[in-house]
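Undergrad: Dropping the sequence and predicted coords here.
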Amino acid sequence: MSDEMHFQAVVVGAGPGGYVAAIRLAQLGVKTAIIERKNLGGVCLNIGCIPSKALIEASKRYAFLGDDAAQMGIQTSGATVDFPAMQTWKQSVVHKLTQGVGALLKGNGVTILEGDARLEGPGRLQVKLNDGTPALVTADHIVLATGSRPIEIPGFPFDSDHVLSSTGALALQKIPKRMVVIGGGYIGLEMGGVYARLGSKVTVVEMASQILPGMPRDLVQPVSRTLIKRGAEVITDARAQGFSRSRAVSKVTIELKDGSTREITADAILVTVGRRPNTERLGLESVGISTDERGFIPVDAQCRTTTPGLYAIGDIVGDPMLAHKASKEGEVVAEVIAGLPSAMDVTAIPAVVFSEPEIATVGLSEEAAKSAGYTPVTGKFPFAANGRALTTGKSEGFTRVIRDADTDLVLGVEIVGPGASDLIAEAALALEMTATAEDIGLTVHAHPTLAEVVMEASHASRGHAVHAMPK
């Protein structure tokens with residue numbers, strides 16, 4: 001390989017934003033290379049979205065055998081967890097997907113460079129290839145897609161043994177007897193839920209007044225109840241101060257709302273207080289780019305930075321730090337580079353928490369709709385009144401549709417319950433298509449399906465849900 005290469009476009013980072021951008025660029029006839037220092041697929045495929053959902057699904061199936069099957073008349077005994085085997089299965093899922101990404105990149109003619117890249121001026125990247133060879137890569141267009149990493153907090157340095165990031169929690173080979181989760185956001189609840197279902201005594205410590213801060217409280221309550229049912233403890237209005245360790249056991253000290261302190265014994269401490277963008281070592285100063293106070297790179301609707309020919313997508317450009325947002329930006333930036341009229345102009349981006357039960361939202365909450373000047377009206381429909389939910393044995397939660405009283409336009413949808421992660425797609429399409437609540441209500445939904453709750457909640461917002469008691 002030559003130590004100097006030129007491409008029309010180079011993408012730095014092969015996560016769900018970067019590899020999508022590279023493939024789309026190649027499809028549009030742009031000679032493209034992608035640079036990735038570790039694993040194709042990035043955090044999402046390797047140490048994030050996919051492996052966590054594999055463990056979530058496996059742990060839910062185990063929990064079903066343990067105590068949920070009996071209600072259906074299924075008697076089980078002797079079910080055990082071979083956790084190393086579960087981890088092996090999880091990794092096989094990851095391997096299939098990352099291999100698929102590699103095949104797609106090669107199949108579309110994208111050049112894959114394995115190494116670490118740093119900007120050395122406009123259109124120039126110094127790359128240290130993984131074999132130790134330096135290379136200069138030049139390009140007419142450079143797309144930065146380097147993702148993010150877990151935030152480390154004072155007093156709790158990650159060591160992959162006792163103090164874990166989400167990455168460490170996914171790689172454990174033994175189920176801890178006791179786990180303290182610092183941070184009650186979506187990652188903490190997803191991973192804490194996994195280990196609670198697998199038998200760990202889990203304690204969630206959240207600084208705010210509720211877990212999943214910022215979400216409507218009634219959406220969060222079913223998740224909190226289920227965690228407690230699984231034997232977990234949820235402590236809010238509390239701050240983790242530090243820990244001491246004796247052999248393999250840790251004592252975590254937390255400060256409560258009244259100023260008192262408490263010690264919690266743990267075999268593993270999981271810290272999930274957020275993520276920070278990977279922008280420090282990119283050499284942004286060489287092209288005159290400054291990040292904001294949180295380390296994010298400012299971009300416009302076409303994903304352009306202030307430096308011509310330089311673009312940024314994904315977690316490094318700001319919230320929401322979600323894989324599907326990054327993938328959409330990847331498509332947009334590729335089309336912009338290829339000269340097509342494209343922009344990041346989506347109406348709303350869905351958010352999902354793979355908790356038990358799942359939570360999914362899209363668009364405006366009732367409070368946000370009021371703040372935006374609308375006159376919101378809501379309709380709520382419980383899964384307990386949905387035939388399909390009852391047949392699964394999982395009927396906790398509800399769907400809420402928020403519409404504008406003046407125009408009937410759907411402003412937002414909130415779901416907590418079985419299948420929320422899939423059901424939210426219909427709601428996202430409704431917002432993107434500027435649908436009214438009447439449009440959703442008039443659409444015939446197959447019966448019996450979980451999707452009927454969206455139709456029923458839409459009817460409820462207009463005062464005529466057939467299967468719900470009137471207010």
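TA: Ah, there it is.
Undergrad: which stretches of the protein form helices?
TA: For the chain, the helices defined by DSSP state H occupy 18-27, 42-47, 49-63, 83-107, 166-170, 186-197, 217-229, 323-337, 366-371, 387-392, 420-432, 437-442, 452-461.
Undergrad: gap between the second one and the chain center?
TA: In terms of CA atoms, centre = their mean, to the nearest Å, the centre of helix 42-47 is found 11 Å from the chain centre.
Undergrad: The longest one now?
TA: Centroid separation between helix 83-107 and its chain, computed with CA atoms, centre = their mean, is 19 Å.
Undergrad: can you list the residues that contact that helix?
TA: When contacts are defined by CB atoms under 8 Å, 6 or more residues apart in numbering, helix 83-107 is touched by residues 14, 19, 22-23, 26, 34, 39-41, 45-46, 50-51, 54-55, 58, 112, 170-175, 198. Glycine gets a C-beta too; all of them are placed from N, C-alpha and C.
Undergrad: Any of these buried? List them.
TA: 14, 19, 22-23, 26, 34, 39-41, 45-46, 50-51, 54-55, 58, 112, 170, 172, 175, 198 (16 or more other CB atoms under 10 Å).
Undergrad: Hmm, residue 146 and residue 282 touching each other?
TA: Yes. In this structure residue 282 lies within contact range of residue 146 using CB atoms under 8 Å: 6.5 Å.
Undergrad: Could you check which of these two is surrounded by more residues?
TA: With neighbours defined as other CB atoms under 10 Å, residue 282 and residue 146 compare such that residue 146 has more, 28 against 23.
Undergrad: for the more buried one, what are its contacts?
TA: If you count contacts by CB under 8 Å, 6+ apart, residue 146 has them with 12-13, 277-279, 282, 314, 316.
Undergrad: Reformat those residues into a markdown table and put distance to residue 107 and pLDDT next to each item.
TA: Shown next, in a markdown table, are the contacts of residue 146 (distance: CB to CB, whole Å; pLDDT from 0 to 100):
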| residue | distance to residue 107 | pLDDT |
| --- | --- | --- |
| 12 | 21 | 98 |
| 13 | 20 | 97 |
| 277 | 30 | 97 |
| 278 | 28 | 96 |
| 279 | 31 | 97 |
| 282 | 29 | 96 |
| 314 | 23 | 97 |
| 316 | 27 | 98 |
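Undergrad: So which of those residues wins on neighbours?
TA: Neighbour counts for these were taken using other CB under 10 Å; the highest belongs to residue 314, with 34 neighbours.
Undergrad: I'd like the distance between it and residue 61.
TA: Note on residue 314: its distance to residue 61, by CB to CB, to the nearest Å, is 32 Å.
Undergrad: that older thread, between residue 282 and residue 146, which contacts overlap?
TA: Residues touching both residue 282 and residue 146 (CB under 8 Å, 6+ apart) are residue 12.
Undergrad: Report the separation between the residue most central in space within the chain and residue 314.
TA: For the chain, residue 322 is the residue whose C-alpha lies nearest the centre (CA atoms, centre = their mean; 5.1 Å). Between residue 322 and residue 314 the computed distance is 9 Å (CB to CB).
Undergrad: for residue 340, same thing?
TA: Residue 340 is 20 Å from residue 314, by CB to CB.
Undergrad: Equivalent analysis for residue 371, please.
TA: Distance from residue 371 to residue 314, by CB to CB: 28 Å.
Undergrad: Could you do residue 454 as well?
TA: Relative to residue 314, and taking CB to CB, residue 454 is found at 29 Å.
Undergrad: same check, this time on residue 27
TA: 19 Å.
Undergrad: quick check: domain ranges of this protein?
TA: Using automatic domain parsing, the domain parsing of the chain gives 4-47+87-149+276-337, 163-273, 351-461.
Undergrad: Please name whichever of those is nearest to residue 67.
TA: With CB to CB as the criterion, residue 67 lies closest to domain 163-273 of the domains of the chain, at 9.0 Å.
Undergrad: mean confidence score for the closest one?
TA: With pLDDT averaged residue by residue, domain 163-273 scores 96.
Undergrad: Can you pull out the residues in contact with stretch 123-139?
TA: Stretch 123-139 is contacted from outside by 1-10, 12, 33, 35, 37, 113-120, 140, 142, 283, 309, using CB under 8 Å, 6+ apart.
Undergrad: of these, buried ones?
TA: Neighbour-count burial (16+ other CB under 10 Å) applied to the contacts of stretch 123-139 gives 5, 7, 9-10, 12, 33, 35, 37, 113-115, 117, 119-120, 142, 283, 309.
Undergrad: Any regions of the protein where pLDDT drops low?
TA: For the chain, the stretches flagged by pLDDT under 70 are 1-2, 471.
Undergrad: Was I right to think residue 165 contacts residue 157?
TA: No. Applying CB under 8 Å, one finds residue 165 not in contact with residue 157, separated by 10.4 Å.
Undergrad: Now, the contacts of stretch 123-139 that are in strands?
TA: Among these, the members found in strands (DSSP state E) are 4-10, 12, 33, 35, 113-119, 140, 142.
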